[in-house]
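Peer 1: need the 3D shape of this:
(one chain, ligands or ions: 1)
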Amino acid sequence: MAKVVIVGGGVAGLSAGIYARLSGFETEILEAHGKAGGNLTGWDREGYHIDNCIHWLTGTNPVTEMYKMWETLGVLGGVEVYQPETLYTYSMSGETLSLSRDIGMLEQDMLFYSENDDKEIFLLIDAIKAAKAFCGISADSNDKRVSTAEVIRLSPRLLRYFVMTAGELAQKFHSPLIRGFLRSLLGESFGAIALIFVFATFCSDNGGIPAGSSCAMAKRMTERYTDLGGVLRCSSPVREICIDRKKARSVILQNGRNVDADYVILACDPACAFGRLLNSRLMPRKLMRRYRDRSFRRFSSFHCAFSCEGELPFRGDLILDLPDDLRNEFQSDYLVLREFSHERSFSPEGKQLLQTICFCDEDVSRRFIRLKGNKVEYCRYKEDLRDRIVEVIRGQFPALAASLTPIDCWTPATYSRYTHSPTGSYMSFAFSAGRLPRFIGGRVKGVGNLLLATQWQQVPGGLPSAAFAGQMAVREMILLESRKKAPRPVWQNESVENPIA
Ligand SMILES: Cc1cc2nc3c(=O)[nH]c(=O)nc-3n(C[C@H](O)[C@H](O)[C@H](O)COP(=O)(O)OP(=O)(O)OC[C@H]3O[C@@H](n4cnc5c(N)ncnc54)[C@H](O)[C@@H]3O)c2cc1C
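Peer 2: I've put the predicted structure just below:
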């Protein structure tokens, strides 16, 4: 049985481990931290549970192929899924617009606020319906791959949005509320088509939150892996991958331990792995080009968590405009407020947890990371930003702001420390307009048994991309092994579904 050593126990590494075990490989995952999951994580603070990750998990609708992948990975299947009524609500000058699960309701609400925009509203709703069909989750074609004829029929309804950014789409509307609504979820520079696919996913019950959210999902994946007999070594940071005569021979841990391997799968952030663990010249060229191309942007975010008394005055994610001073700090325009009333165990009886997010572009993220070198200044800056965020909340909900007690605050520097990403990025490159986000294959040229499994192979990353990359790395290994005439594993009959293509 060939032995696979997997560097990194995030979703990509766990997925690779599970599929490799199902395919009969001997596996060992080496994870730097005390538990597996990577960015799919959360932590406890002062009696509260802070959830770091899932806003929506694509693939929660049981008719989709992706659901089957999550079932194989132990994430879904017999697990309750919370399907929120709204994905997010944008609020401006006392008026609000929500993305409801019922697409008809979104259409009515948009028309209510701006009859003048009727033409653009109908086109947008039509495109969301076409995107649903593309994903095989429209009411009349559940779980059917779209036929070529259907692609030709649906494409014109989507093509228009492929070439524009969310900001350009927003400009087509007269209503400032609708404009803010369209810009605020992913930011203005994201491709409009990405926004449409997120809307379509959510409106098809395909973007819910599995019970227990991020930590519970990571735990289920970890258990699935170990139940299959996979070896997981936590607190085992890897220092080096030894390459000799065009083969990865072994992996060396920071404590000097040597682990021999027939295959090595790199399932950690490649921006750090190539350079620290391996020669940077080995990075696949296509990936290198994306890192060098300034139009492939990376991003991170600044977060605060507060405890508060009683009920929160909103449900789901609420997005507010940032004032100019904070826009300058973060180089982004919006403040996201998150509540967790669907997870009663996240806060003590009678209390609530409120988390806030401000997205930061690459340059702002690097500034946080540099500042971390000066602990006093870094802490002072975090507290100052947190207090200014409370003032934004006060402007909207004075009573709520009065009851807030800060319990945590974390920044792009936190993500950088946790995953070694040089920019603190926890998703892959932002999805820009007019580009087909092709999946970059996981083979490392010149080292036959070294493979990549990471969300960075796919724009814009996320949990499905990470899991898919893990599956693809194992498919590659099976291909390599097939030269030795190994039998085809049963799971390979699952159709391959690229989460983005
Ligand atoms: C705030 C936030 C919100 C998000 N929301 C969503 C969402 O709603 N939906 C969604 O789909 N995705 C979301 N994501 C993104 C999602 O978390 C990531 O796409 C996914 O977790 C990436 O998985 P990965 O395995 O590729 O990488 P990572 O999670 O980065 O895992 C890599 C692992 O490698 C380990 N590692 C690194 N270096 C070494 C080394 N030298 N030795 C050993 N181990 C090492 C790290 O410790 C880590 O565990 C969100 C992320 C964040 C932070």
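
Peer 1: now do the domain split for the chain, please.
Peer 2: For the chain, automatic domain parsing gives the domain ranges 3-46+216-294+429-493, 86-204, 299-419.

Peer 1: lowest average pLDDT across these?
Peer 2: Ranked by mean pLDDT, these bottom out at domain 86-204, with a mean of 89.

Peer 1: quick one: end-to-end length of that one, please.
Peer 2: 12 Å (Cα to Cα, to the nearest Å).

Peer 1: and it, anywhere near the ligand?
Peer 2: No. For domain 86-204, no contact with the ligand is found by Cβ under 6 Å from any ligand atom; the gap never falls below 9.9 Å. (Glycine included, C-beta is placed from N, CA and C.)

Peer 1: do stretch 67-74 as well
Peer 2: No. Where contact is defined by Cβ under 6 Å from any ligand atom, no part of stretch 67-74 touches the ligand; the two come within 11.1 Å at best.

Peer 1: can you name the residues in contact with that stretch?
Peer 2: The list of residues contacting stretch 67-74 from outside it, by Cβ atoms under 8 Å, 6 or more residues apart in numbering, reads 14-15, 18-19, 22, 57, 59-61, 76-77, 220-221, 223-225, 227, 464, 467-468, 471, 491, 494, 497.

Peer 1: with just CA atoms, put it into CSV.
Peer 2: Presented in CSV, the C-alpha positions along stretch 67-74 are these (Å, rounded to 0.1, in the frame of the first residue of the first chain):
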residue,chain,number,x,y,z
TYR,A,67,-24.0,17.3,-1.4
LYS,A,68,-22.8,13.8,-2.2
MET,A,69,-19.2,14.9,-1.9
TRP,A,70,-19.9,16.4,1.5
GLU,A,71,-21.7,13.2,2.5
THR,A,72,-18.6,11.2,1.5
LEU,A,73,-16.5,13.6,3.6
GLY,A,74,-18.8,13.1,6.7
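
Peer 1: avg pLDDT for that stretch?
Peer 2: Model confidence over stretch 67-74 averages 96 on the pLDDT scale.

Peer 1: so which strand or helix has the residue of the stretch 51-200 of the chain found nearest the ligand?
Peer 2: Here the residue of the stretch 51-200 of the chain nearest the ligand is His55; by Cβ to the nearest ligand atom that distance is 3.4 Å. Assigned by DSSP states H and E, His55 falls within no helix or strand.

Peer 1: cool, Ser300 as well?
Peer 2: Assigned by DSSP H and E, Ser300 falls within strand 299-309.

Peer 1: quick check: residues of the stretch 201-350 of the chain near the ligand?
Peer 2: Taking Cβ under 6 Å from any ligand atom, the part of the stretch 201-350 of the chain that reaches the ligand is made up of 237-238, 267-269, 277.

Peer 1: now Phe468: how far from Cys53?
Peer 2: The span separating Phe468 from Cys53 equals 17 Å under the rule Cβ to Cβ, to the nearest Å.

Peer 1: Ser428: what's it in contact with?
Peer 2: Residues near Ser428 by Cβ under 8 Å, 6+ apart: 455-462, 465.
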